[in-house]
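*Asks:* Provide a 3D model corresponding to the input given below.
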Amino acid sequence: MSIYEAINSLVAYGVKEGLIEECDKVWAVNRILEILNMDSMETDAEVKNVELQEILKTILDYAVEKGLCEDSVVYKDLFDTKVMGVLTPRPSEVIKTFNEKYEVSPETATDWYYHISRKSDYIREYRIKNDVKWITETPYGDIDITINLAKPEKDPKAIAAATKMEQSSYPTCMLCKENEGYRGRVNHPARQNHRVIPICLDGVNAYMQYSPYVYYNEHCIVFDEAHTPMKISEQKFRRLFDFVKKFPHYFLGSNSDLPIAGGSILTHEHFQGGRYTFAMEKAEIEENVEFVGFEDVKAGIVKWPMSVIRLQGEDTDRICTLAGKILATWRDYTDEEAFIYAVTDGTIHNTITPIARFTNGYYELDLVLRNNITTEEYPDGFYHPHPEHHHIKKENIGLIEVMGLAVLPSRLKTEMAVLRDAILENKDIKADEMIAKHYDWVENIKAKYSDINADNCDAILRDEIGLVFTSILEQCGVFDRTEQGKAQFKKFIASVK
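*Replies:* This is a model prediction of the structure:
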């Protein structure tokens with residue numbers, strides 16, 4: 001495919017996917033020529049019916065050949081995003097169309113917006129389809145496991161360039177509205193094809209967007225207009241339900257507001273939601289409980305590896321008021337026998353990960369109790385993946401994983417392939433630096449299965465990874481999944497007044 005065919009094919013793609021109109025074609029061609037520093041165009045160049053990835057590859061190869069772009073994944077991402085920005089509708093057009101389609105139905109609006117986010121290459125579908133996904137059966141239901149490959153690793157050249165750059169405070173963070181249309185740099189992704197939708201939640205101005213890495217279907221992010229720190233509060237519960245009322249086909253939840261016990265971005269208030277049914281939502285109530293004065297709100301302890309209280313009812317105001325009381329009690333709660341301390345040395349430890357949804361005609365709010373205390377034995381966090389599981393996952397357990405979807409590091413795809421061969425060929429795992437960290441785990445697997453062969457090895461490794469993740473979730477639960485732990489959990493519930 002020639003560069004001229006690639007340009008014509010890209011513009012035709014934009015028209016086909018509803019990014020631009022037929023009358024925009026000449027303008028779009030000329031804008032792309034400008035980016036490619038080209039003075040002329042073969043107007044009769046053939047339009048190729050090929051995937052977007054192939055079209056962009058031709059354009060990127062040309063840019064590299066002409067010295068317009070370095071041959072590096074980071075620089076190529078910056079360049080092709082600039083090209084796709086030409087085809088992406090302006091923010092005002094996106095907002096106008098979204099609002100028009102919302103008048104038809106919330107689903108019609110989000111269907112269109114998700115389409116635009118994917119076809120503009122803001123969500124790089126060709127990378128996401130390479131993600132490794134499977135389901136592991138556990139005592140808590142089917143747990144989703146994914147090795148996410150959508151976020152590319154930086155190459156050494158880009159890393160070196162980033163260290164020499166002047167530090168910039170614009171955009172203030174990866175979530176700020178100022179990312180919309182931003183050209184990017186080697187230490188900040190390009191966002192010329194990024195569009196956000198304004199939304200007001202319980203009187204607070206915010207914006208909705210989709211995650212470019214899509215850990216699950218229609219994975220959206222809602223972030224405040226102001227760059228303010230995350231804070232779990234009763235108002236946040238009300239904001240979650242305000243969103244669910246606007247988009248009843250989506251859930252919305254929040255990471256906690258403390259390090260270790262949640263996500264990686266604590267400096268900008270934000271939520272995550274989408275159109276997906278997680279294992280935790282399907283988990284049953286294993287014991288009903290009652291809160292005095294809130295008999296109209298159905299409550300119970302969820303059968304889940306972490307410590308979850310589910311509130312259900314028709315009146316979200318009553319649910320949020322009760323949730324506020326539970327939060328206030330938990331913030332100050334200490335039970336030394338259960339190794340739960342509200343504060344040590346002036347550091348606050350207790351917080352909550354909340355998830356709101358509308359299901360089966362009722363509003364639900366799951367409150368996952370979290371604690372971020374550290375010890376000498378567990379400096380990364382006591383209620384955190386313990387060292388024996390770090391070979392699979394060491395990072396914080398955030399909202400998505402709390403709900404039962406493991407987001408595992410991309411390194412595991414290669415490591416599991418190497419490990420499979422080592423097991424089948426009876427190689428010395430300790431002798432291979434890449435997989436040596438898995439040695440103890442593999443020894444346990446060998447003892448567990450009498451026959452590991454070429455037909456079942458991959459399935460065994462996947463099942464065992466899923467069980468490791470389930471064990472990690474249990475370690476993050478503040479009350480043990482034992483009779484004693486359940487009694488301690490009910491003791492806390494009884495303390496809510």
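
*Asks:* And stretch 431-444, end to end?
*Replies:* End-to-end distance for stretch 431-444, by C-alpha to C-alpha, to the nearest Å: 18 Å.

*Asks:* chain center to that stretch: distance?
*Replies:* A distance of 29 Å separates the centroid of the chain from that of stretch 431-444, by C-alpha atoms, centre = their mean, to the nearest Å.

*Asks:* Go through it and flag the buried ones.
*Replies:* Going by neighbour count (16 or more other C-beta atoms under 10 Å), the buried part of stretch 431-444 is 432, 435, 438-439, 441-442. C-betas here are computed from N, CA, C, even on glycine.

*Asks:* Repeat that for stretch 229-239.
*Replies:* 230, 232, 234, 236-239.

*Asks:* Alpha carbons of that stretch, in CSV - could you do that?
*Replies:* Taking Å, rounded to 0.1, in the frame of the first residue of the first chain, the C-alpha atoms of stretch 229-239 are listed here in CSV:
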residue,chain,number,x,y,z
PRO,A,229,-7.6,14.7,46.1
MET,A,230,-9.8,11.6,46.4
LYS,A,231,-12.0,11.4,49.4
ILE,A,232,-14.5,8.7,50.5
SER,A,233,-17.5,10.3,52.0
GLU,A,234,-21.3,10.1,52.2
GLN,A,235,-21.5,12.7,49.4
LYS,A,236,-19.4,10.3,47.2
PHE,A,237,-22.0,7.6,47.7
ARG,A,238,-24.7,10.0,46.6
ARG,A,239,-22.7,10.9,43.6
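
*Asks:* what is the mean pLDDT for it?
*Replies:* When pLDDT is averaged over stretch 229-239, the result is 97.

*Asks:* Looking at the buried residues of stretch 229-239, which is nearest Glu415?
*Replies:* Nearest to Glu415 among the buried residues of stretch 229-239, counting by C-beta to C-beta, is Met230 at 32.9 Å.

*Asks:* Go ahead and list the helix or strand containing the closest one.
*Replies:* Assigned by DSSP states H and E, Met230 falls within no helix or strand.

*Asks:* Which of the buried residues of stretch 229-239 fall in strands?
*Replies:* In strands, defined here by DSSP state E, there are no members of the buried residues of stretch 229-239.

*Asks:* Enumerate every residue touching the residue lying closest to Met1 once chain neighbours are set aside.
*Replies:* Using C-beta to C-beta, 6 or more residues apart in numbering and skipping residues adjacent in sequence, the residue nearest Met1 is Thr58, 4.9 Å away. Neighbouring residues of Thr58 by C-beta atoms under 8 Å, 6 or more residues apart in numbering: 1-3, 5-6.

*Asks:* can we see that at 10 Å?
*Replies:* 1-7, 9-10, 48, 50 (C-beta atoms under 10 Å, 6 or more residues apart in numbering).

*Asks:* For the host helix or strand of it, buried residues please.
*Replies:* For Thr58, the host element (DSSP H and E) is helix 52-65. By 16+ other C-beta under 10 Å, the buried positions in helix 52-65 come out as 52, 55-64.

*Asks:* between those residues, which is nearest Glu425?
*Replies:* Using C-beta to C-beta, the buried residues of helix 52-65 come closest to Glu425 at Lys57, 36.4 Å.
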